[in-house]
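K.L.:
I would like to see how this sequence folds:
(one chain, ligands or ions: 1)
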Amino acid sequence: MHQPAIPHLQAQDPDVAGLVEAEARRQFEKIRLIASENYVSPAVLEATGSVLTNKYSEGYAGRRYYEGQQNVDPLETLAIERAKALFGVEHANVQPYSGSPANLAVYMAFLQPGDTFMGMALPMGGHLTHGAPVSVTGKWFNPVRYGVRADTGRVDLDEVRDLALKERPKLIWCGGTAIPRIIDFPAFAEIAREVGAVLAADVAHIAGLIAGGAHPSPVGYADAISTTTHKTLRGPRGAMIMSTEEHAKAIDKAVFPGLQGGPHDHTTAAIAVALKEAAQPSFAAYARQIVANAQALAAALVERGYDLVSGGTDNHLILIDLTSKGIGGKPAAQALDRAGIELNYNTVPFDPRKPFDPSGLRLGTSSITTRGLTETQMPQLAAWIDEAVQAASKADEGVLARVAGQVRELLAAYPMPGWAATP
Ligand SMILES: *Cc1c(COP(=O)(O)O)cnc(C)c1O
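P.N.:
As a prediction, this is how the structure comes out:
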């Protein structure tokens, strides 16, 4: 059952409670490989579900527009101080509702509508909010998009520099949603300096790896750092923007009153809890294990003849190009889900197929590492993925059902924070 237990919800609204329970069981029984997801701790769940959801706190600590901030002010200050200590930054804003609003605040802090900026193209691994044509960031500003090299699958820093010199952007984003390799913050910083642009690092995916020392930090290179708090960082759905003191005012003003009203105080509390967890030595071990698992899984997939974008991974994320397997990403992802292995279909760089049925699969190892899986299980996991992809081509539901059973059997031995098999 769900942990913490939800007896009031069960008594009062069995429809909702039933779906919450079913979701907890689903998360317990599936190998969850969606790269942006994780399992938060019961402590983070408790903070998220607390009475802080009742409070309104527009403004910042000591400068609120509502009374009754005796507890929220120290709480938000605690979250800020923990963020500053963990990442080694001068300033942190913990109020953005999620990663996309945080990025909008970065635009508001540094750009005017119509201004030119650079970001990684969505089909190359960038995020929607880095200037995709369908995003407000692509409609209200002037995005210049960079990508990866076709031969290496890695960010083409020569292209970034050439474009920056030609287009003179006011701001350059680095980071993205489907980048399996280390982001070269010093190289981006040098290009930004050369053209007089602000460098914004979006570390939404890798914040936990940075906190745990398993990925280099953008601190000292990027002027602004945006991140979600719920991916590798393993906190609640939320976001932060960090910066030097120089940009603190502009960023705070952009978040509130620029874009948002009251912060979500229950989320702020849960962010504070997650940041304390991420400062423990055990979290550094966790971050290293995420990467070790991803590299072991990548090696096992390569051994089975899978093509990986850039040939492997330096972080938590693997991008499979299924072209040589003769199946699209969508039918493969759907078959894998029926086999108890949950991930998402994804475009690969230079994808000849359409975004709704692209050539790739994206996998991440943060959730399975939270469950306690290690390198030793990765060959088995690759074998199941391979079986399910092959079964998808032949529409062999029997194989998918068998693998789903084997997955359930394996995971039964690995506890899930947020779920207990018995009350
Ligand atoms: C997930 C993500 C975001 C957006 O976060 P949401 O909370 O989904 O709005 C922004 N940037 C990057 C790089 C991300 O991976």
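
K.L.:
quick one, what contacts the residue of the stretch 301-423 of the chain found nearest the ligand?
P.N.:
Nearest residue of the stretch 301-423 of the chain to the ligand, counting by Cβ to the nearest ligand atom: L317, 9.9 Å away. For the C-beta atoms, the positions are set from N, CA and C on the backbone; glycine is no exception. Residues counted as contacts of L317 (Cβ atoms under 8 Å, 6 or more residues apart in numbering) are 35, 178-180, 205, 294, 362-364.

K.L.:
just the buried residues of stretch 129-142, please?
P.N.:
For stretch 129-142, burial by neighbour count (16 or more other Cβ atoms under 10 Å) applies to 129-132, 135, 137-138, 141-142.

K.L.:
need the residues that contact it.
P.N.:
Against stretch 129-142 from outside (Cβ under 8 Å, 6+ apart): 99-100, 103-104, 107, 111, 113-122, 126, 128, 143-145, 173, 176, 202.

K.L.:
in helices, which of those residues fall?
P.N.:
Per DSSP state H, helices hold the following members of the contacts of stretch 129-142: 99-100, 103-104, 107.

K.L.:
can you flag which of the contacts of L317 belong to strands?
P.N.:
362-364 (DSSP state E).

K.L.:
show me where the stretch 151-300 of the chain has its strands.
P.N.:
171-174, 198-202, 224-228, 239-243 (DSSP state E, counting those that start in this stretch).

K.L.:
packing partners of the first one?
P.N.:
Judged by 3 or more Cβ pairs under 8 Å, 6 or more residues apart in numbering; DSSP states H and E, strand 171-174 is in contact with helix 99-110, strand 116-120, helix 185-195, strand 198-202.

K.L.:
the inter-axis angle of the longest one versus strand 198-202?
P.N.:
Spelled out, that is helix 99-110. Using axes from the mean of the first three to the mean of the last three Cα atoms, to 10 degrees, the inter-axis angle of helix 99-110 relative to strand 198-202 is 170 degrees.

K.L.:
about what we covered before: can you put the helices and strands packed on strand 171-174 in CSV and add mean pLDDT, mean neighbour count and distance to the ligand?
P.N.:
Shown next, in CSV, are the helices and strands packed on strand 171-174 (pLDDT from 0 to 100; neighbours: other Cβ atoms under 10 Å; distance: least, Cβ to the nearest ligand atom, whole Å):
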stretch, mean pLDDT, mean neighbour count, distance to the ligand
helix 99-110, 98, 24, 2
strand 116-120, 98, 25, 9
helix 185-195, 98, 17, 14
strand 198-202, 98, 25, 4
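
K.L.:
got these as a markdown table, with distance to A300 columns?
P.N.:
As requested, the helices and strands packed on strand 171-174 are arranged in a markdown table below (distance: least, Cβ to Cβ, whole Å):
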| stretch | distance to A300 |
| --- | --- |
| helix 99-110 | 31 |
| strand 116-120 | 28 |
| helix 185-195 | 30 |
| strand 198-202 | 30 |
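
K.L.:
so which bits of this protein are right by the ligand?
P.N.:
36, 98-100, 103, 127, 129, 175-177, 202, 204-205, 228 (Cβ under 6 Å from any ligand atom).

K.L.:
now the longest helix anywhere in the chain: how far from the chain's centre is it?
P.N.:
Using DSSP H to assign secondary structure, the helix with the most residues in the chain is helix 281-303. Relative to its chain's centre, helix 281-303 lies at 16 Å (Cα atoms, centre = their mean, to the nearest Å).

K.L.:
which helices and strands does whichever helix or strand comes after it pack with?
P.N.:
Once the chain leaves helix 281-303, the next helix or strand it forms, by DSSP states H and E, is strand 307-308. If you count contacts as 3+ Cβ pairs under 8 Å, 6+ apart, strand 307-308 packs onto helix 281-303, strand 317-321.

K.L.:
tell me which of the ones you listed sits most buried.
P.N.:
strand 317-321 (a mean of 26; mean count of other Cβ atoms under 10 Å).

K.L.:
OK, now which residue of the stretch 151-300 of the chain is nearest to the ligand?
P.N.:
Distances between the stretch 151-300 of the chain and the ligand by Cβ to the nearest ligand atom are smallest at A204, namely 3.4 Å.

K.L.:
could you tell me the end-to-end distance of stretch 321-328?
P.N.:
Counting by Cα to Cα, to the nearest Å, you get 9 Å between the two ends of stretch 321-328.

K.L.:
what does that stretch contact?
P.N.:
Contacts of stretch 321-328 with the rest of the structure, by Cβ under 8 Å, 6+ apart, involve 305-309, 329, 332, 345, 348, 353, 357-361, 389, 392-393.

K.L.:
one more time with 7 Å
P.N.:
With contact meaning Cβ atoms under 7 Å, 6 or more residues apart in numbering, stretch 321-328 is reached by 307, 309, 329, 332, 348, 353, 357, 359-361, 389, 392-393.

K.L.:
hmm, back to that, now pLDDT too, for the ones in strands among the contacts of L317, in CSV please.
P.N.:
Converted to CSV, the ones in strands among the contacts of L317 look like this (pLDDT from 0 to 100):
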residue, pLDDT
R362, 98
L363, 98
G364, 98
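
K.L.:
pull the contacting residues for L78.
P.N.:
By Cβ under 7 Å, 6+ apart, the residues touching L78 are A272.

K.L.:
and it, which of the three is it?
P.N.:
helix (DSSP: H, G, I helix; E, B strand; the rest coil).

K.L.:
check the gap between it and the ligand for me.
P.N.:
According to Cβ to the nearest ligand atom, to the nearest Å, L78 stands 22 Å off from the ligand.

K.L.:
pretty sure A189 contacts Y221?
P.N.:
Yes. Counting by Cβ atoms under 7 Å, A189 does reach Y221; the two are 3.9 Å apart.

K.L.:
now the common contact residues for those two.
P.N.:
By Cβ under 7 Å, 6+ apart, the residues touching both A189 and Y221 are L199.

K.L.:
near R82, how many other residues are there?
P.N.:
When neighbours are defined as other Cβ atoms under 10 Å, R82 has 21 of them.

K.L.:
isn't it up against A274?
P.N.:
No. Using Cβ under 7 Å as the test, R82 is too far from A274 to be in contact (9.0 Å).

K.L.:
nearest spatial neighbour of I385, skipping sequence neighbours?
P.N.:
Spatially, and ignoring its direct neighbours in sequence, I385 is nearest to I341 (6.2 Å; Cβ to Cβ, 6 or more residues apart in numbering).

K.L.:
number of nearby residues for the one you found?
P.N.:
24.

K.L.:
contact partners for it?
P.N.:
31, 33, 384-385, 388, 407.
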